[in-house]
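**Q** A predicted structure for the sequence below; I have some questions about it.
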Amino acid sequence: MHGSRMLSAVAIGCAMASLTLAAAPLTVKLATFAPANSTWHKALMEMGAAWGRLTEGRIKLTVYPGGTQGSEAVTVKLMRPGVGQLQAALLMLPGLSEIDSAVDVFGIPFFFESDEELWHVVDKLSPVLAQRLESKGFHVLNWGHGGWVQLFSKRRIATLNDLKQAKLFTTEGNDRMVQWYKANGFQPVALSANDIPAQLKIRTGMIDTAPSPPYGALVLQFFRDAPYMLDIRVAPLLGATVITTEAWNKIADSDRAKMHDAARAMEQRLRADVTTLDASSIVEMQKRGLTVTKVEGAALADFRSAAEKLAPTMRGSMVPSDIYDLALRERNAFRQARGASR
């Protein structure tokens, strides 16, 4: 009888320990290059608050903004199995391509013309891309839009030839993109994104031109040293919030659904806000001395002609052929449907 009571006590103790373990909150540490107090940082904080509320405190999100955990390449390494210093990140394309190059399809210069066209393709490709990232150990929570990349420069750029003469920032670590730019007549300079403001401030800095959405240029204030903006949409600054599969598997199915709901709400909010954010940022910078250069006539025709020639050069080299073909097919289908409805 005495032994039976001991076994019962041990069983009860184990059960209580299991309940305590199950009740312990899971802290998800998330890194991002989004500046502190920016729209994207605030959106992440709101999502984290929703996670905590919806899961009754079982999930806690800690956000490290402003690239404080290192470059996006370093961030991805910190999430790898066996390291695990971070469990999640809001990554832009350079970071996502460290996981799978298929996402570079959204960074093809001049491939997309509008938000509607972009999101049509994102929605069509999302299941395929999510599956590819999942196979590499990362679960996609949502897609994010940081605005349309435009070109900010120290000297006025008005033509494609002007752009090819510029010392153009590109993300360090993405050697394939550097080589692609060089092969097509541009002069890329690979640096950390955190180096942009300082290098533009120096009179003989390593770069004189930086691609950025208007809101980013306003928040980081580098438009003061690069006071010219070429008014042409180069590409959307697309990103995604990802969590490691290892961390995701520790979360109960019911809580995962709630986290997805909050993540999708964040995505929809950013989708709706980004166009207004770009436009208002340009107006604000113009008040502070920004000169906007419109591209029209022959110069615009040159850019469009170059876009048609440059995009296919990424197929197979920068972007997997099947992903490129799928994106092209969906984009063209959207354009045809839009044209037929007019």
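**A** Looks like it arrived, so ask away. Numbering: from 1, shown residues only.

**Q** how distant is the helix or strand hosting His120 from the center of its chain?
**A** In the assignment (DSSP states H and E), His120 maps to helix 115-135. When distances are taken as Cα atoms, centre = their mean, to the nearest Å, helix 115-135 is centred 13 Å away from the chain's centroid.

**Q** for the residue nearest to Val121 when sequence neighbours are not counted, give its distance to Ala183.
**A** If the residues on either side of it in the chain are set aside, Val121 comes closest to Glu330, at 4.9 Å by Cβ to Cβ, 6 or more residues apart in numbering. The C-beta positions use only the backbone N, C-alpha and C, and glycine is treated the same way. The spacing between Glu330 and Ala183, counted by Cβ to Cβ, to the nearest Å, is 27 Å.

**Q** could you do Leu237 as well?
**A** Distance from Leu237 to Ala183, by Cβ to Cβ: 23 Å.

**Q** following the helix or strand encompassing Glu246, which helix or strand shows up next?
**A** Assigned by DSSP H and E, Glu246 falls within helix 245-248. Using DSSP H and E, the helix or strand that directly follows helix 245-248 along the chain is helix 253-287.

**Q** which residues touch the residue lying closest to Lys258 once chain neighbours are set aside?
**A** Leaving aside its sequence neighbours, Lys258 sits nearest to Leu54 (Cβ to Cβ, 6+ apart; 4.0 Å). Contact analysis of Leu54 by Cβ atoms under 8 Å, 6 or more residues apart in numbering lists Asp255, Lys258, Met259, Asp261, Ala262.

**Q** hmm, back to that, more crowded one of Leu237 and Ala183?
**A** More crowded of Leu237 and Ala183, by other Cβ atoms under 10 Å: Leu237, with 21 against 11.

**Q** ok and the helix or strand containing the more buried one relative to helix 253-287, angle-wise?
**A** When elements are assigned from DSSP H and E, Leu237 belongs to strand 228-244. Angle between the axes of strand 228-244 and helix 253-287 is 170 degrees (criterion: axes from the mean of the first three to the mean of the last three Cα atoms, to 10 degrees).

**Q** now Asn37: phi and psi?
**A** When read as degrees, to the nearest 10, the backbone of Asn37 gives phi 70, psi 10.

**Q** any idea how far the closest residue to it other than its chain neighbours is from Ala34?
**A** Among residues not flanking Asn37 along the chain, Pro65 sits closest, at 8.0 Å (Cβ to Cβ, 6+ apart). According to Cβ to Cβ, Pro65 stands 5 Å off from Ala34.

**Q** out of these two, which sits in the busier spot?
**A** Shown here are Pro65 and Ala34; by other Cβ under 10 Å, Ala34 has more neighbours (24 against 21).
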